[in-house]
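Student: predicted model and sequence follow; I will ask about them next.
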Amino acid sequence: MEDLLQDFLQEAHDLLSDVDNKLVDLERTPDDRRLLNDIFRGFHTIKGGAGFLSATELVTLCHLTENLFDRLRNGEMTLTFDLMDIIMAATKGVRDMFGELGQGVQPHPAAPEVIEGLRTALETGHAPAPAQAAAPAAAPAAVAAPVAAPGAAAASGEPPWQQLLNAVTGNAAAPAEDVITAAEVANQMAPHFPPEGRRATDKPGAAAVTGAPGGRRTEERAATRENTIRVDTARLDQVLNLSGEIGLTKNRLTSLRADILAGKTDADTLHALDQAVSQLDLLVSDLQNSVMKTRMQPIGRLFQKYPRIARDLARQLGKDVELVLSGEETEVDKTMVEDLADPLIHLIRNAVDHGVESPLERQAAGKPAKSVVRLEARQEGDHIVLIVADDGRGMSAERIRAKAVEKRLLTEEEASTLDERQSLNLIFLPGFSTKTQVSDVSGRGVGMDVVKTNIQKLNGSIEIRSEQGKGSVFVISLPLTLAILPVLLVLLGDQPFALPLSMVREILPIERDKMQEVGGKHTLVLRGEILPVVALSHLLGWPQDEPPEFGVLMQTSERSFILSVDSFAGRDDAVIKSLDDFRPRGVAGVTTLSNGQIVLILDMKELLSDLGSHIDSDVRAGIGRALELAV
């Protein structure tokens, strides 16, 4: 049953995401019978699987929603925005029930207002009024209890324990004017018991006491990584065929080895050996590429949940927004897809909340009332490019600088030295927000910080382009896969280190007589631009006997600089391996060269965070320890 449950949940999640997308499309084209039929079939399939698993409450919710779709497709009802809100609330309830099933417990009943809204729509032929739909099915009865003024608490800051106890236990000894409702009990208790501090009950199958069905356990389960992957059988057949070819080549090499050991070293034998080795090299390279492709997944599976998110937020904010998807067939490494979910959600929510204007503002500016947010993916060489763009109001570099100074994230002197690109990048600072009031959607200044952090963890970069009055564009560049990393091998003495090739722009000699000191730091002028020179030995805390002779022009999203090294050992495609139970600062992983030598892959972003400050001795010790463990 556990295997059947997991199969059902995987298929049902895909079906529900497809239904959500088609509902967003249906809202724009309510007369599309093909969409209605597809949505009806999706819900019918989910209901059938739920019935097989005896998930009664899930069957009930799906059945009511399915009946509603049946009346819509038969022309007995007309789709309105209010009716669509009820349907969207039902699909959210279905998704919450999936979370409970994933915990191995039967789903709890759907929210009463959702069930009541569906039944009212089926009985009357139209959705209930928005206020009625949002209200609970039955208001909580007043419970008599002697209380002080609402929200009052003891002078010590403690809640009024006795009064609250009387309210909960139903003690009616208080006069009528001192009646307290259950809602007021919750309001008085809330400052002392925030939702994140509540605990789940210990009863089997009970949900945690949080704001959503399934509670925190559901959220924690959803946060865990999925450990399965869907692979096209054609790709597996290709891997199998290559494995067979490699087996044949191995047999040929074994035969040639026996001949050579027997003293047969004529020209024909050596030529056959050379051919066999070349064939093996080609086959292993093809096998590696084929195996890597089994990890690749269409990014459309990630994109499919965003139209619903954009639609719901736009309705909440009173905006008319259409999310346009492009490049859904672009393939991305499976592990990368999961880590991209949160950054893309933040960017889309920001585009709907901050980026686009209200319909009235757009019409006043001569724009169409409907806003368009574009989510696009494409492959460029060995990188994946993701674009989130809107046609909204755009961003003002000057306003962003002023806001950063106001929040004391930087000084006025520092702000005056920033160009437009650097000013726009200030929105990635922790705590930065242009909102004057905090809302449920934004204003706390944490979203864009999370976006940048998660993109950097994927060895990627993010760039902002914006034009006031025309909109903003966020461009994310990511490596094609996280398993293989193109690197440049540099030397400190005889010790090689690997640098991510994506950051390398140029290799150049360092002429000591052309170096200058600016602010006590070494710099070089390259094509009219003054660039700081940073010694790799300084970043690692290693001693430097001789001045470095070579430099590597490196560029990150924040800065360009020249990294000075002793020499180079070439370029390589590194297969990244992590150090078990030990990851020193500045080390992304290890790889093995063709000669068997172990090389550390440096995390330049972590090392650069120490730029201009004292190098901690722990960095030096960590690098040394990593080399010992790698060997």
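Tutor: Cool, got the structure.
Student: so which residues of the stretch 501-631 of the chain form helices?
Tutor: 536-540, 604-608, 617-630 (DSSP state H, counting those that start in this stretch).
Student: what's the answer for the stretch 351-500 of the chain, then?
Tutor: Under DSSP H, counting those that start in this stretch, the stretch 351-500 of the chain gives helices at 359-364, 397-406, 412-416, 420-424, 447-457.
Student: same check, this time on the stretch 1-150 of the chain
Tutor: Under DSSP H, counting those that start in this stretch, the stretch 1-150 of the chain gives helices at 2-28, 33-52, 56-73, 81-102, 112-124, 130-134.
Student: out of the helices of the stretch 351-500 of the chain, deepest packed?
Tutor: Most buried of the helices of the stretch 351-500 of the chain, by mean neighbour count (mean count of other C-beta atoms under 10 Å): helix 447-457, with a mean of 19. Every residue, glycine included, has its C-beta placed from N, CA and C.
Student: in terms of secondary structure, what does that helix contact?
Tutor: Contacts defined by 3 or more C-beta pairs under 8 Å, 6 or more residues apart in numbering; DSSP states H and E place helix 447-457 against helix 334-350, strand 461-467.
Student: circling back: by mean pLDDT, show me the worst of the helices of the stretch 501-631 of the chain.
Tutor: Note on these: helix 617-630 shows the lowest mean pLDDT, a mean of 56.
Student: related to what we said a few turns ago, so which of the helices and strands packed on helix 447-457 is the most surrounded?
Tutor: helix 334-350 (a mean of 20).
Student: let me see the mean pLDDT of that one.
Tutor: 86.
Student: what angle do it and strand 461-467 make?
Tutor: 20 degrees (axes from the mean of the first three to the mean of the last three C-alpha atoms, to 10 degrees).
Student: distance of the residue nearest to Val451 when sequence neighbours are not counted from Asp3?
Tutor: Nearest non-adjacent residue to Val451, counting by C-beta to C-beta, 6 or more residues apart in numbering: Pro343, 4.3 Å away. Going from Pro343 to Asp3 by C-beta to C-beta, to the nearest Å gives 33 Å.
Student: ok, Ala55 next?
Tutor: When Ala55 is compared with Asp3 (using C-beta to C-beta), they lie 16 Å apart.
Student: more neighbours, these two?
Tutor: Using other C-beta atoms under 10 Å, the more surrounded residue of Ala55 and Asp3 is Ala55, with 23 against 7.
Student: any figure for the gap between that one and Ser371?
Tutor: 39 Å.
Student: what do you get for Leu270?
Tutor: 70 Å.
Student: Gln304 too?
Tutor: From Gln304 to Ser371 the distance is 21 Å (C-beta to C-beta).
Student: tell me which of those two has more neighbours.
Tutor: Between Gln304 and Ser371, Ser371 has the larger neighbour count (other C-beta under 10 Å), namely 25 against 18.
Student: check contacts around that one.
Tutor: Under the criterion of C-beta atoms under 8 Å, 6 or more residues apart in numbering, the contact list for Ser371 reads Lys319, Asp320, Val321, Glu322, Val352, Val356, Glu357, Arg362, Asp390, Asp391, Gly392.
Student: same question, Gln304
Tutor: Listed by C-beta under 8 Å, 6+ apart, the contact set of Gln304 reads Ser17, Asp18, Asp20, Asn21, Glu328.
Student: may I ask which of those has the most neighbours?
Tutor: With neighbours set by other C-beta under 10 Å, the maximum within these is found at Asp20, which has 24 neighbours.
Student: what's the closest non-adjacent residue to that one?
Tutor: Looking at Asp20 with C-beta to C-beta, 6+ apart, the closest residue is Arg308, at 3.9 Å.
Student: below-threshold pLDDT in the stretch 301-450 of the chain: ranges please.
Tutor: Applying pLDDT under 70 to the stretch 301-450 of the chain picks out residues 382, 433-447.
Student: what's the neighbour count on the residue nearest to Thr29 when sequence neighbours are not counted?
Tutor: Spatial nearest neighbour of Thr29, chain neighbours left out: Leu35 (7.0 Å); criterion: C-beta to C-beta, 6+ apart. Neighbour count of Leu35, defined by other C-beta under 10 Å: 19.
Student: begin at 462 from here
Tutor: Let's use 462 as the start, then, which means that last one is Leu496.
Student: would you map out the domains in this structure?
Tutor: Domain assignment for the chain by automatic domain parsing gives 463-595, 603-660+667-681, 696-755, 759-940, 945-1091.
Student: closest one to Thr689 among those?
Tutor: domain 463-595 (7.7 Å; C-beta to C-beta).
Student: for the record, mean pLDDT for that closest one?
Tutor: Here the average pLDDT along domain 463-595 is 83.
Student: for Tyr767, what are its contacts?
Tutor: Contacts of Tyr767 (C-beta under 8 Å, 6+ apart): Leu784, Leu786, Leu805, Ile806, Ile809, Leu836.
Student: return the residues in contact with the third one.
Tutor: Under the criterion of C-beta under 8 Å, 6+ apart, the contact list for Leu805 reads Leu763, Tyr767, Leu836, Leu847, Val849.
Student: now, which of those residues lie within strands?
Tutor: Of the contacts of Leu805, the ones assigned to strands by DSSP state E are Leu836, Leu847, Val849.
Student: so which of those residues is the closest to Ser1055?
Tutor: Distance to Ser1055, by C-beta to C-beta, is smallest for Leu847 among those, at 34.0 Å.
Student: OK, contacts around the closest one?
Tutor: Ile760, Leu801, Leu805, Leu836, Glu837, Ala838, Val936, Ile937, Leu939 are the contacts of Leu847 under C-beta under 8 Å, 6+ apart.
Student: for Ser877, see how far away the residue lying farthest from the centre of the chain is.
Tutor: Using C-alpha atoms, centre = their mean, the residue of the chain lying farthest from its centre is Gly724. It sits 60.5 Å away. If you measure Gly724 against Ser877 using C-beta to C-beta, the figure is 80 Å.
Student: and if you look at Leu465?
Tutor: 65 Å.
Student: what do you get for Arg696?
Tutor: 55 Å.
Student: could you do Ala959 as well?
Tutor: From Ala959 to Ser877 the distance is 39 Å (C-beta to C-beta).
Student: much appreciated, bye for now.
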